[in-house]
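J.: Pasting the sequence and the predicted coordinates here, then a few questions.
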Amino acid sequence: MRKVAVIGAGMTLFRRRLMETPKELCFEASRMALDSAGIEMKDVDAVISGSAPDGFDGVHMKGEYYSDGCGAYGKPYMRVFVGGGTGVFSAISGWYHIASGLADIALIVNEEKMSSCMPHPQSVFAYIWDPILDRPLKPNLVWIFAMEMNRYMTVHKIKKEDIALVAVKNKRNAVDHPCAQLADPNITVEDVLNSEVLAWPVQRLDISPPSDGAAALVMASEDAVKRLHVETPVWMKGVGWCIDSTMWTDRDLYFPEYVASAAKMAYKMAKIDNPRKQIDFAEPYDPFDYKELHHMEGLLLCKKGEAPILTREGVTQRDGDLPTCPSGGLLGVGNPIAATMGVKIGELYWQLSGQAGKRQIPHEIKTGVTNAWGDLMQYGAVAVMGV
Amino acid sequence: MKVGIIGIGIAGFRTTTPELSWKELTYEAAAKAYKDAGVDPRKDVKAFVTCAEDYWEGFGIFDEFTPDQIGGALRPVCTICGDGIHGLATGFMQIQTGLVDVVAVEAHSKISDLLTYEGVVQHALDPIWNKPLRGHPFYVAGLEMNAFLRASGNTEKHCAAVVEKNRNNAMRNGIAAYGANVDLNDILTSEKAFDPLKKLDISGLADGAVVLVLASDVAAKKLKRKPVWIRGVGWANDSPSLETREWETAKYAELAAQMAYRLAKVKNPAREIDFAEVDDKFSYKELQHLESLGLAKKGQAGKMTANGDTALDGKFPVNASGGSLGCGDVVEASGLHRVAEVALQLRGDSGKRQLDGVKVGIAQSWRGIPSTSGAVAIMGVNQ
């Protein structure tokens, strides 16, 4: 199997409202990634993009619309869309473009502009349900995630205080991230527990914000890494992806089986048989604080129900034994759905290549894992990266 | 590693399918493809690819609804916002990595559910520069047809010959929704639409689904199947903006073909390829695509068509299936349908429209107005 490395990355500010158009956001992130890799568009063989619902922008085939912002003019270009899983899946797409031998260097650009959607992006989420079985109940995403969080808390007898610790950790970690939208150096568990209740047990500070932003990566084959004399390539060691049934009402929500399935696929490829020992740090998808815990378990980094304990004991702090979301995650940096690639795959790249600045994990790290999660609590995209 | 097609399933095509959901249509195509390939999707198929766009489907996040009807629940499935040939290329790449060995690719159209086709296509125009001009977006096709005919010397009569050929070919295709015994006069005197486009120059919409099963050479052998080999794939975009794109030639098709020819080691496409299935969502597009793919000399595609060279019994048959004009425009399933047709022809399974002695075929797609996105696949019976 051809080896594939990330050799450059870039991301824009994550903000509630940015003035740039989707094309401009794509351009900014692409330019940063190309500069970081020291290459130009002429060196790029294929462009991959990722973005979530077209409904946010009100643009049909929006991947075509913003393609020139990604430099895709006159190039092989493909957009992938697996809901919230896109933040990691588009990097998996970059991997197979190169691992297949069809491209040597690929540019991967993920963009999201949620603020165009008035009054709030939740109105697009009114159209993600089964039109016969779900939609008449007028559900929204916070509502179903509240059910999942409740189930997770009930099965493992987890206290809200322990879950709130995740929001506190990530929003504090985000203080060191230059793109962060909701960093807070002074946030406490009490702040989270006292924030407005949206749908019990979900409170305002349990959730990441809607954001605008873009992120981009440059990936290269082993040959290209040598040719370009890349000093700190970060290799894609394993990839996995999995979708569960559309019928989310038919499964036990306390454990994300589809994440575990994608993780097993990625670990098999990366030859990892004991993830807790062989993985040095993690960037699990954290649009809600309980999701970080849920995903740590789904990624088999701990036993079922054990993630809150590790969090309470400080194991997941940046200087802990298993640093988790050292970037600040979606909770702290922001959640422009597909563009969260910048805090997931991007953070793995910056940490493993020693470019994370103030966020750098203080001890030696060799292997990291990340996942993105989406659709109707059903998509898992997992990547293992290493030096 | 070689990758081939070992299973073909098609459901539809019909102008409307009120008794079926898109899931049921896709299920039918998938069941046929898995039976044809002799595979159990829950065991043998290692990854699944769907080609879909939210607005065509009427959903916020269509990917949610992809797994169940193709046997993909709790398995690796992904959605590509592209035509079926983009999906084919995705499956091709996934197999080439060595990570998976059998992939199912699905594309479908339930366009009859869409009450506001014109409005949805309008939303694909640049929201700042173009959409405010209003009007049915097919004016873009009218403008392009005008530019192409003027630059190439092809004529409206040549375009009418494409329609006559394709809709008559479709009379021999059981899945076609728009087969008709129309002649040049019917077409040339049909109602003006987006000048110089006339009503019969435009493909009608149809519902349908196509599923293909791809396999590596090793997996095909294990499954005791004789594949149609995918010798090359290519895809490309031109500028998305109306103001800066190429209007006279189909740049996206030219670039996509260059990539596919390179992979397939095709040096002289017109000589080495026996027949073609090219996009014909509008009649002039068949001529423009043939020239951009290097299958006809610049300015000659119309004459070839008028001479009967691209007819079923011609030197270089084009759109023996009936194309989009004859079978119906099945949006993102269009390209996958044409790949299926090339594979059926190469297997000798095309019934009343079977071409004699064909060994190498090409399928090409375009994502429609206002995109400049196209993809190409070259298939052959020999490795």
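T.: Ah, there it is.

J.: What's the local residue count around B:Ile85?
T.: Burial measure for B:Ile85: 33 neighbouring residues, criterion other C-beta atoms under 10 Å in any protein chain shown. Bear in mind the C-beta positions are built from the backbone N, C-alpha and C, glycine included.

J.: where exactly do the helices run in the chain?
T.: The chain I'm using is chain A. Applying DSSP state H to chain A gives helices spanning A:22-37, A:54-57, A:62-65, A:86-99, A:141-156, A:160-173, A:189-194, A:222-227, A:257-270, A:275-278, A:289-298, A:307-312, A:329-333, A:345-352.

J.: meant chain B actually
T.: In chain B, the helices defined using DSSP H lie at B:22-37, B:54-57, B:84-96, B:117-122, B:139-152, B:156-170, B:184-188, B:217-222, B:251-264, B:269-272, B:283-292, B:301-307, B:323-327, B:334-347.

J.: most neighbours per residue, which of those?
T.: helix B:323-327 (a mean of 32; mean count of other C-beta atoms under 10 Å in any protein chain shown).

J.: before we move on, the earlier item: out of the helices of chain A, flag the one nearest B:Tyr27.
T.: Each of these was scored for nearness to B:Tyr27 using C-beta to C-beta, and the closest is helix A:257-270 (21.2 Å).

J.: Whether that closest one contacts chain B - can you check?
T.: Yes: Helix A:257-270 comes into contact with chain B (C-beta under 8 Å from any C-beta of the partner chain), by way of A:257-258, A:261-262, A:265, A:269.

J.: Any of these buried? List them.
T.: By neighbour count, with 16 or more other C-beta atoms under 10 Å in any protein chain shown, these hold A:258, A:261-262, A:265, A:269 as buried.

J.: gap between the residue nearest to B:Val121 when sequence neighbours are not counted and A:Val202?
T.: If the residues on either side of it in the chain are set aside, B:Val121 comes closest to B:Pro137, at 4.6 Å by C-beta to C-beta, 6 or more residues apart in numbering or on different chains. Distance, B:Pro137 to A:Val202, by C-beta to C-beta, to the nearest Å: 42 Å.

J.: re the thing from before, take the buried ones among the residues of helix A:257-270 next to chain B and lay them out in TSV including pLDDT.
T.: Below are these laid out as TSV (pLDDT from 0 to 100):
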residue	pLDDT
A:Tyr258	98
A:Ser261	98
A:Ala262	98
A:Met265	98
A:Met269	98
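
J.: any chance of the residues you listed in JSON lines, plus distance to B:Ile5?
T.: Shown next, in JSON lines, are those (distance: C-beta to C-beta, whole Å):
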{"residue": "A:Tyr258", "distance to B:Ile5": "29"}
{"residue": "A:Ser261", "distance to B:Ile5": "27"}
{"residue": "A:Ala262", "distance to B:Ile5": "27"}
{"residue": "A:Met265", "distance to B:Ile5": "25"}
{"residue": "A:Met269", "distance to B:Ile5": "26"}
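
J.: I'd like the helices of chain B as TSV, with mean pLDDT appended.
T.: Shown next, in TSV, are the helices of chain B (pLDDT from 0 to 100):
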stretch	mean pLDDT
helix B:22-37	98
helix B:54-57	96
helix B:84-96	98
helix B:117-122	96
helix B:139-152	98
helix B:156-170	98
helix B:184-188	97
helix B:217-222	98
helix B:251-264	98
helix B:269-272	98
helix B:283-292	98
helix B:301-307	98
helix B:323-327	98
helix B:334-347	98
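
J.: Can you lay out those helices as CSV showing distance to A:Thr324?
T.: Rendered in CSV, the data for these read as follows (distance: least, C-beta to C-beta, whole Å):
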stretch, distance to A:Thr324
helix B:22-37, 38
helix B:54-57, 33
helix B:84-96, 30
helix B:117-122, 42
helix B:139-152, 50
helix B:156-170, 58
helix B:184-188, 65
helix B:217-222, 39
helix B:251-264, 42
helix B:269-272, 54
helix B:283-292, 51
helix B:301-307, 60
helix B:323-327, 51
helix B:334-347, 42
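
J.: Please read off the pLDDT at residue 210 from the model.
T.: Defaulting to chain A. A:Pro210 carries a pLDDT value of 94.

J.: Hmm, no, I was thinking of chain B.
T.: For B:Val210, the predicted pLDDT is 98.

J.: hey, C-alpha coordinates of the longest strand along chain B in CSV?
T.: In chain B, with assignment by DSSP state E, the single longest strand is strand B:3-14. Provided in CSV are the C-alpha atoms of strand B:3-14 (Å, rounded to 0.1, in the frame of the first residue of the first chain):
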residue,chain,number,x,y,z
VAL,B,3,-10.5,-3.3,-11.3
GLY,B,4,-13.6,-4.6,-13.1
ILE,B,5,-17.4,-4.4,-13.1
ILE,B,6,-18.9,-7.7,-12.0
GLY,B,7,-22.5,-6.7,-11.4
ILE,B,8,-25.0,-4.5,-13.1
GLY,B,9,-28.5,-3.5,-11.8
ILE,B,10,-30.8,-0.9,-13.2
ALA,B,11,-34.3,0.1,-12.0
GLY,B,12,-36.6,2.3,-14.0
PHE,B,13,-36.5,4.5,-16.0
ARG,B,14,-39.8,6.2,-15.9
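
J.: residue of the stretch 201-350 of chain B with the smallest distance to chain A?
T.: Chain A sits closest to B:Asn237 of the stretch 201-350 of chain B, with a gap of 4.4 Å, by C-beta to the nearest C-beta.

J.: residues in contact with the spatially closest residue to that residue that is not a sequence neighbour?
T.: Distances taken as C-beta to C-beta, 6+ apart place A:Tyr77 nearest to B:Asn237, at 4.4 Å, with adjacent residues excluded. Neighbour list for A:Tyr77: A:46-49, A:67, A:70, B:235-237, B:373 [criterion: C-beta atoms under 8 Å, 6 or more residues apart in numbering or on different chains].
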